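Peer 1: Please work out how this folds:
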Amino acid sequence: MYLKRIEIAGFKSFADKTVIDFENSVTAVVGPNGSGKSNITEAIRWVLGEQSAKSLRGGKMPDIIFAGSDTRKQLNVAEVTVTLDNTDHYLPLDYNEISVTRRYRRTGESEFYINKQACRLKDIQELFMDSGLGKESFSIISQGKVEAIFSSKPEDRRGIFEEAAGVLKYKQRKKKAEQKLFETEDNLSRVQDIIHELAEQLAPLSVQSETAKKFLRLKEDLTQTDIALMIAEIKAAKKDWEEKQARLVQFNQELSSLTTQIQAQEEVLAEKRKQNLQADRQIEKGQQTLLALSESLKQAEGQKDVLLERTKHTQKSSAEYQTSLAEAQKKVRHFEKMQENLTKEVNEKEIEIQQAQTQLMKTQQELEKYQKSTKELLAELRDQYVDLMQEQANVGNELKYLERQYLQETSKSKQALAKQSEVEASVLELTVKRQELSKKQEHLQTGLVANKNELEKIQLNGKKYQDQLAQEQPKMYQLMNQVQQLRARQKSLQEIQENYFGFYQGVRLVLQHKQQLSGIIGAVAELIDVPSSFTLAIETALGGAAQHVIVENERDARQAITYLKQQRGGRATFLPLTTIKPRQLPAHILSQAEAVDGFLGIASEQVTFPDKIQTVVHNLLGTILLAKDLESANAIAQTIRYQYRVVSLEGDVMNAGGSMTGGANKRGNQGSLFSQNQELKQLTVAFEEADQQLQLQEKKVQELQQEVTILAEKQEVLRTQGEQLRLEEQEVTNHLQNIMNDLARFEKEKQVSNFETRELQQFIETYQKQQSELTARQSEIELQRQQIDEEIKSLSQESDQMEAKRAQVQAEKAQEQADLAVLKEQFNHLQIQLRGARVQKNEALERQESLEKQLANLTADFTDHEMTEESLEKKIGELSAKREALQIELTTTKAQRENIQKEIDQLEIVLAEQNRQQKIQLTEQSKLEVQKDRAEVLLDTHLGYLQTEYQISFEKAIVDYEETEDVAASRVEVASLKEQIEDLGPVNLSAIEQFEQVNERHTFLATQRDDLLSAKNQLFETMEEMDDEVRTRFKEVFEAIRQEFKVVFPNMFGGGRAELVLTDPTDLLKTGIEIEVQPPGKKLQSLSLLSGGERALTAIALLFSIIRVCPVPFCILDEVEAALDEANVKRFGRYLSDFQDGTQFIVVTHRKGTMVAADVLYGVTMQESGVSKIVSVRMEDINEEGKMETKV
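Peer 2: Here you go, the predicted model:
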């Protein structure tokens, strides 16, 4: 046999399906480090049964699946198949070719196949167990196993020889035998304990069995009498219920009639309230209109008052302006006369100056007569000197005059500038005030607009809220009635549940006093919740068990039973949690039922319950199936061969064994415990929802009423604020108008000041020019005077007479010149005065013109005010008339509303009385319903008693039993029978069967004890035989390997010798193994003292020795020669190629010496990152380092 083929898909780096065919010769698998060549070895190890992920270089088993790469996603399945050539039938299967497949999914599922037939991992392991191909065999030798030989202790090294000897299976068998022996001793101990316990049970069970038989006889008599009594009791209760039901129907009709009357009255009342609301709206609308008219009237009167104030202000301003105009006209006339006088004086001065100049010319001509002689010349010089002195004096006088005039004008300028500054400051102050007032006016106007908009918005919202209030109040009254009805029904059902009406007498007594008793959890019907669609089905499925009482343990049940006996309160069935065991359908039954149309599930899965009672629910409902209808139930029962009960949603039952129960309950499902629970829950939810809706509605109505009140208050506040804003805005407007008038006046004064400033500037320019000219002339005169003075000194000897004459003439001339200068000065002064008069006249004219314009504007304003005043008087009259008419209309509407309100009050009194009567009738109805419910509960109690105690329906009881004729005698007989049964005390009805079972089991276990004792002895013998077999096989194989090792070692090393030595020959089960070797040229020494290469080659030699002694069909060597140098690799390769023992070698290597010894080469490479591929390789493609240089 040999390995023919391996197929790998998704295993580690082999993402794609890879197929490798092997020949029955030496095959080498080569490739660079990290290429995935060792993954082939691990794939073979895995498919042969390896279970340790660590042995496969993984942390956990999913690590063997391709994990993905940069370009590929991870896979979810790994699969490896090895195909073995079995033509020699080496393996015990009648096939020439055997394929073994192992598949693993990332989710954890594993699949195994032998020749494509599904099998177990154990089947694969057993197939290879004795073939030398198991996971512990030498069919796969890795570098780790080589290292284990030379690095392990002698005791650990023994395991390699045990593998070779094939004693591991014997050791495993011994281990199993030891485990079995332990189990046998444990079973024997338990059997002896049970036998002792059963022996103690046999005696009391015998007594209990006799008591149970007597109990059954009394129980049969009780059943006959009690059922007959129940038939009579049920008929009486049924009659009572029917009478109550008839009375309730009649009462409901009367209540319906009263409700109709109330609804009619409510409709009339609603209509009156609507009329009242309309009247309120009309009144409110009229009041709003009246308020608007009052506001308009008040506003018109305010406007009239403001207009009168403005008229007064206009009249006052007009008088002031007329006075100012008269003054201005007077000034104009004054300055015109002044200008006329100054003009006349200037003309006269001009004549005088001309005359003085003529006289001066004459004097000059006379003076020239004396210039012909020296004296004349001297006189002339002196005259010139005097003239110059005179002219110098005149220039000085003119400079002084100009300076005085300049000082006067400067003083005026300062006054004008001061006044101008005051005007500008006033203008600036008024401008700031005007801006502030303008902003305030804009703010007030904006506030008025916002006030008006807000008022309109609030009025609109008020109307909206009033409309909503009219709509929501009737809804609130309707919800009040609904809540009252729900509360009455809820209270009735709560009273029924609180008093446990509907439960059997004994159950009711226990539940009512469960606080006094310990461990009472509750009745089944109390503790489970059933969907409405399954109510009838679950109730039918449970039957009387719905009233079974769940308790904590048996002690609590005994205490409750004792209490019922003491109180003579009837009977009840108790379910202790410590003894009740869950029941469930077998899986095949459930799968068969699920395949049928109409199957709805298991009854226990359709209800909800506390986790604590899970075992009870599964005990009662765990084996009951639910169906859509009777037809589906029939089909399901037929499918499961009538082994379990099937219940339809309509309450029809397919009983185990094939019987059917069904029909219609005259009362339907109403009044059952489950329907009451559901109705109460629904009522509780409905009541909470309705009450919550009522609270929300009341809150909504209250909020609407608050909103209406708040909006009315806001309207009043906004109206007051609006009126205040209008008054403030009018006041600001008046103030702003006064400021505008003052600004206009100051602007005129500013213009006059600017004109005076310009005139002064012109005067300064003229003054500066004249001053400059006069100063220059004064300097020139001083120079001429000095020259003449020098000439005079030289001509001082002239004639005194001539000098005197000349001096006289000169004096005259000087006087004339002085007079002329005075005239000129007077003339210049008159011209300045004339210019000032002209300026003042122009100012007076401008002032006169401004006042005339302002007076004209005031006259026009006064005319407008008179017209506006007439218009306002007319508007005030109209508004007053409208207000009076509206007040009359409001008075009429209010009277109508009072009449309607009286009608509403009367209707409410009538309606209150009717509601009181309705409430009384509702109370009476509730009492009658409680009485009916009690009658119904009593009827249900009797019916449930029949079903619970005797598992029989009333209809069947009527057929199978006769009704008692004497109810009182039957009650006495039933009480007597129950007393006899109670006197028996607790009865174990199963004691009869238990006694038989215990007796039979006691006999059986005694036989088992004898068998276990015999098996124990046999196990001891088997374990001793295993030890003997291990010793024999180990000794034989060790000796054979020792001899073979002596031959292989020198062949591998080219000489030398080796020896295998037992560390303890006396204990072959535990002895270790030492390896002593003597390489060529060295002394004999322990393996640990050799070099690394020598130790590795020694270990390989030992492995080859083992394979020769224990041949395997194929052997995979995974880089076992990695630690050898080139020379030893070549020796290893030669030995491998010369090995002729029928073993197929597959070598995973990267050493060229090993490749040379191979017959076939396969290359493993990663052309794609992370994905291994198989390529064909030629020897010339391998370099000296053993790496592939070409890829195909």
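
Peer 1: low pLDDT regions in the stretch 951-1100 of the chain?
Peer 2: Within the stretch 951-1100 of the chain, the ranges that satisfy pLDDT under 70 run 987-991, 994.

Peer 1: which residues of the stretch 201-350 of the chain fall in strands?
Peer 2: Counting by DSSP state E, counting those that start in this stretch, the stretch 201-350 of the chain forms no strands at all.

Peer 1: pLDDT wise, what is Ile792 at?
Peer 2: According to the prediction, Ile792 has pLDDT 69.

Peer 1: roughly how far apart are Leu725 and His735?
Peer 2: 16 Å (CB to CB, to the nearest Å). All C-beta spots, glycine's among them, are computed from the backbone N, C-alpha and C.

Peer 1: Then Gln299?
Peer 2: 20 Å.

Peer 1: Leu1062 now?
Peer 2: Leu1062 is 132 Å from His735, by CB to CB.

Peer 1: hang on, the earlier thing: looking only at neighbour counts, state which of Leu725 and His735 leads.
Peer 2: Taking other CB atoms under 10 Å, Leu725 and His735 do not tie; Leu725 has more neighbours (20 against 15).

Peer 1: which SS class is Arg5?
Peer 2: strand (DSSP: H, G, I helix; E, B strand; the rest coil).

Peer 1: so it bridges to which residues?
Peer 2: Beta-bridge partners for Arg5, by DSSP bridges, are Asp21, Thr83.

Peer 1: Would you confirm that it contacts Ile20?
Peer 2: Yes: the criterion here is CB atoms under 8 Å, and Arg5 meets it with Ile20 at 6.9 Å.

Peer 1: separation between Leu517 and Val26?
Peer 2: Counting by CB to CB - Leu517 and Val26 are separated by 88 Å.

Peer 1: Which pLDDT value belongs to Tyr477?
Peer 2: For Tyr477, the model assigns a pLDDT of 65.

Peer 1: got it, and Pro1111?
Peer 2: pLDDT, read off for Pro1111, is 81.

Peer 1: What is the burial count for it?
Peer 2: 13.

Peer 1: Same question for Leu621.
Peer 2: Using other CB under 10 Å: Leu621 sits among 26 other residues.

Peer 1: For Lys17, see how far away it is.
Peer 2: 53 Å.

Peer 1: again with Ser1105
Peer 2: 39 Å.

Peer 1: of these two, who's got more company?
Peer 2: Neighbour tally, Ser1105 and Lys17, criterion other CB under 10 Å: the higher count belongs to Ser1105, 24 against 10.

Peer 1: give me every residue that touches the residue lying closest to Thr775 once chain neighbours are set aside.
Peer 2: Computed as CB to CB, 6 or more residues apart in numbering, the closest residue to Thr775 that is not its neighbour in sequence is Leu399, at 7.2 Å. Leu399 makes contact with Gln771, Leu774, Thr775, Gln778, according to CB atoms under 8 Å, 6 or more residues apart in numbering.

Peer 1: quick one: which of those is nearest Ser411?
Peer 2: Gln771 (17.9 Å; CB to CB).

Peer 1: what's the helix or strand for that closest one?
Peer 2: Element membership for Gln771, per DSSP states H and E: helix 673-794.

Peer 1: helices or strands up against that helix?
Peer 2: Packing partners of helix 673-794 (3 or more CB pairs under 8 Å, 6 or more residues apart in numbering; DSSP states H and E): helix 168-368, helix 374-498, helix 524-527, helix 535-542, helix 800-950.

Peer 1: what pLDDT, on average, does the last one get?
Peer 2: Averaged across helix 800-950, pLDDT comes to 69.

Peer 1: Skip ahead from that helix and say which helix or strand is next.
Peer 2: Assigned by DSSP H and E, the successor of helix 800-950 is helix 954-960.

Peer 1: in that following helix, what counts as buried?
Peer 2: Neighbour counts over helix 954-960 (16 or more other CB atoms under 10 Å) mark Phe954, Ala957 as buried.

Peer 1: Same question for stretch 970-982.
Peer 2: Buried-residue list, stretch 970-982, by 16+ other CB under 10 Å: Ser970, Arg971, Glu973, Val974, Leu977, Lys978, Ile981.

Peer 1: Can you show me the helices along the stretch 501-650 of the chain?
Peer 2: Secondary structure of the stretch 501-650 of the chain (DSSP state H, counting those that start in this stretch): helices at 505-512, 524-527, 535-542, 554-567, 587-594, 614-621, 630-639.

Peer 1: ok, back up a step: for Lys330, state which of the contacts of Leu399 is nearest.
Peer 2: Once CB to CB is applied, the member of those that ends up nearest Lys330 is Gln771, at 37.9 Å.

Peer 1: ok, now how distant is the closest one from Glu398?
Peer 2: Taking CB to CB, one finds Gln771 at 9 Å from Glu398.

Peer 1: Who has more neighbours out of these two?
Peer 2: Glu398 (20 against 15).

Peer 1: isn't Val732 right next to Lys440, touching?
Peer 2: Yes: with contact defined as CB under 8 Å, Val732 reaches Lys440; the gap is 5.4 Å.

Peer 1: Those two - which one has more neighbours?
Peer 2: Each of Val732 and Lys440 has its neighbours counted (other CB under 10 Å); Val732 has more, 20 against 16.

Peer 1: Quick check: closest non-adjacent residue to the more buried one.
Peer 2: Per CB to CB, 6+ apart, closest to Val732 is Gln441, 4.9 Å.

Peer 1: so what's Val1147 up against?
Peer 2: With the criterion set at CB under 8 Å, 6+ apart, Val1147 makes contact with Val26, Thr27, Ala28, Val29, Ile1116, Leu1117, Leu1136, Thr1154, Ala1158.

Peer 1: all helices of the stretch 51-200 of the chain, in order?
Peer 2: So, for the stretch 51-200 of the chain - with DSSP H, counting those that start in this stretch - the helices run 121-128, 143-151, 154-165, 168-368.

Peer 1: Can you redo these as CSV, where the extra columns are distance to Gly522?
Peer 2: Rendered in CSV, the data for the helices of the stretch 51-200 of the chain read as follows (distance: least, CB to CB, whole Å):
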stretch, distance to Gly522
helix 121-128, 51
helix 143-151, 67
helix 154-165, 65
helix 168-368, 26
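
Peer 1: ok, Thr892 - how many residues close by?
Peer 2: For Thr892, using other CB under 10 Å, the count is 11.

Peer 1: Next: Gly877.
Peer 2: 12.

Peer 1: picking up where we left off before, do you know which of the helices of the stretch 501-650 of the chain lies nearest Arg883?
Peer 2: Here helix 535-542 is closest among the helices of the stretch 501-650 of the chain (CB to CB), at 73.5 Å.

Peer 1: Need the CA coordinates for that closest one. CSV is fine.
Peer 2: Provided in CSV are the C-alpha atoms of helix 535-542 (Å, rounded to 0.1, in the frame of the first residue of the first chain):
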residue,chain,number,x,y,z
THR,A,535,-58.0,30.9,26.2
LEU,A,536,-60.6,28.2,25.4
ALA,A,537,-57.9,25.7,24.2
ILE,A,538,-55.7,26.1,27.3
GLU,A,539,-58.7,26.0,29.7
THR,A,540,-59.9,22.8,28.0
ALA,A,541,-56.4,21.3,28.1
LEU,A,542,-56.0,22.0,31.8
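
Peer 1: Check which helices and strands that helix sits against.
Peer 2: Right, helix 535-542 is packed against helix 614-621, strand 646-648, helix 673-794 by 3+ CB pairs under 8 Å, 6+ apart.

Peer 1: hmm, try it at 7 Å
Peer 2: strand 646-648, helix 673-794 (3 or more CB pairs under 7 Å, 6 or more residues apart in numbering; DSSP states H and E).

Peer 1: Distance to Asp387 for those - can I get that in JSON lines?
Peer 2: Formatted as JSON lines, those follow (distance: least, CB to CB, whole Å):
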{"stretch": "strand 646-648", "distance to Asp387": "161"}
{"stretch": "helix 673-794", "distance to Asp387": "9"}
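
Peer 1: hey, which of these is tucked in deepest?
Peer 2: strand 646-648 (a mean of 27; mean count of other CB atoms under 10 Å).
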